[in-house]
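# what follows is a predicted protein model with its sequence.
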Amino acid sequence: MKSLIIKKFETISLLFTALIMSSFLLIFRIKLNKSFFYLFLIWNIVLAFIPYIITMYLTTTTLTKFKLGFWFCIWLLFLPNAPYIVTDFLHLKVSQSHLLWLDILVLLSFAGTGLLLFFFSVNDMKSIISEHFKNVPIRYLTTVIIFLCGFGVYLGRFLRYNSWEMISNPLNLLSDIIDVIIHPVNNSEVWLFTFGYGVFLYVSYRMFNELYHHHQHNPEDN
């Protein structure tokens, strides 16, 4: 674990800095607004950390293919929680106009932290899968994962499902998913959101990788 922290020191430092900034802005907003309305963002960011913690754990343990497959399913189940925070911008409609700028900063900081967790976690999982499954077309798998996250965000935001309901309430969740699949015309909004949000995540992920890899290969530019 110590060697992993040293190896990922820059990434962990970036995430920690983003989390501190987000928390500071939230506390500042609570003080000015005398309102705890956005306190739910703390829980959302805790859920967003779960997939990253899973991939951190997987890089420190000996894995069989069965064990990796099990943890991959758990990871995929929680992964949409990271980009989900972007949709919390919907709450701006209840913001006070004179402090709208502060609400935007609070949401932007938490959403940005969530996206960073998403990007880093996906990259870690790509490396883990590539190491244990040499023949997996990792680029296509990553694309599928990203668009599945778009669908997962829809389930959470509009149908109000939580990740753990796959265990606690699987029948209703699977029923809704099957309904979306077999009645695509009646669920056009679901497909439109999944595609649109999936494209947003895919393009953002590609841009992040380009910038991050440029930084890795050209540290003197910073």
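Sure, I can see it.
# state the helix or strand in which residue 207 lies.
Remark: residue 207 resides in helix 188-217, with elements defined by DSSP states H and E.
# report all helices and strands that that helix contacts.
Using 3 or more Cβ pairs under 8 Å, 6 or more residues apart in numbering; DSSP states H and E as the contact definition, the elements that helix 188-217 packs against are helix 100-132, helix 138-157. All C-beta spots, glycine's among them, are computed from the backbone N, C-alpha and C.
# wait, which of these is closest to residue 65?
When these are ranked by proximity to residue 65, the top entry is helix 100-132, at 6.1 Å, counting by Cβ to Cβ.
# now do the closest one against helix 138-157, angle only.
When axes from the mean of the first three to the mean of the last three Cα atoms, to 10 degrees is applied, the directions of helix 100-132 and helix 138-157 differ by 140 degrees.
# other SSEs contacting helix 100-132?
The helices and strands touching helix 100-132, judged by 3+ Cβ pairs under 8 Å, 6+ apart, are helix 9-33, helix 40-58, helix 65-78, helix 81-84, helix 138-157, helix 188-217.
# now it: average pLDDT?
Model confidence over helix 100-132, given as mean pLDDT, is 96.
# buried ones in that helix?
Applying a neighbour-count criterion of 16 or more other Cβ atoms under 10 Å, the buried positions in helix 100-132 are 102-103, 105-107, 109-111, 113-126, 128-129.
# which residues does the nearest residue to residue 52 once chain neighbours are set aside contact?
Once its chain neighbours are removed from consideration, residue 52 has its nearest residue in residue 121; the separation is 4.4 Å (Cβ to Cβ, 6 or more residues apart in numbering). Remark: with contacts taken as Cβ atoms under 8 Å, 6 or more residues apart in numbering, residue 121 is in contact with 51, 52, 54, 55, 75, 79, 82.
# let me see the contact set for residue 193.
Counting by Cβ under 8 Å, 6+ apart, the residues that residue 193 touches are 150, 153, 154, 158.
# try 10 Å this time
Listed by Cβ atoms under 10 Å, 6 or more residues apart in numbering, the contact partners of residue 193 are 87, 150, 151, 153, 154, 157, 158, 187.
# what do you get for residue 199?
With Cβ under 10 Å, 6+ apart as the criterion, the residues that contact residue 199 are 146, 147, 150.
# same thing with residue 132?
Under the criterion of Cβ under 10 Å, 6+ apart, the neighbours of residue 132 are 58, 63, 64, 65, 67, 68, 69.
# list buried residues within those residues.
For the contacts of residue 132, burial is judged from neighbour counts taken by 16+ other Cβ under 10 Å, and it is met by 58, 68.
# out of the contacts of residue 132, what pair is the most spread apart?
The distance between the two most remote of the contacts of residue 132 (Cβ to Cβ) is 12.5 Å, for 58 and 65.
# could the contacts of residue 193 be laid out in a markdown table, adding neighbour count, distance to residue 175 and pLDDT?
What follows is these, written out as a markdown table (neighbours: other Cβ atoms under 10 Å; distance: Cβ to Cβ, whole Å; pLDDT from 0 to 100):
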| residue | neighbour count | distance to residue 175 | pLDDT |
| --- | --- | --- | --- |
| 87 | 18 | 23 | 97 |
| 150 | 22 | 20 | 97 |
| 151 | 19 | 15 | 97 |
| 153 | 24 | 19 | 97 |
| 154 | 23 | 16 | 96 |
| 157 | 17 | 19 | 95 |
| 158 | 12 | 16 | 94 |
| 187 | 17 | 13 | 95 |
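# from these, pick the one nearest residue 177.
Minimum distance to residue 177 across the contacts of residue 193 is 8.4 Å, recorded for residue 151 (Cβ to Cβ).
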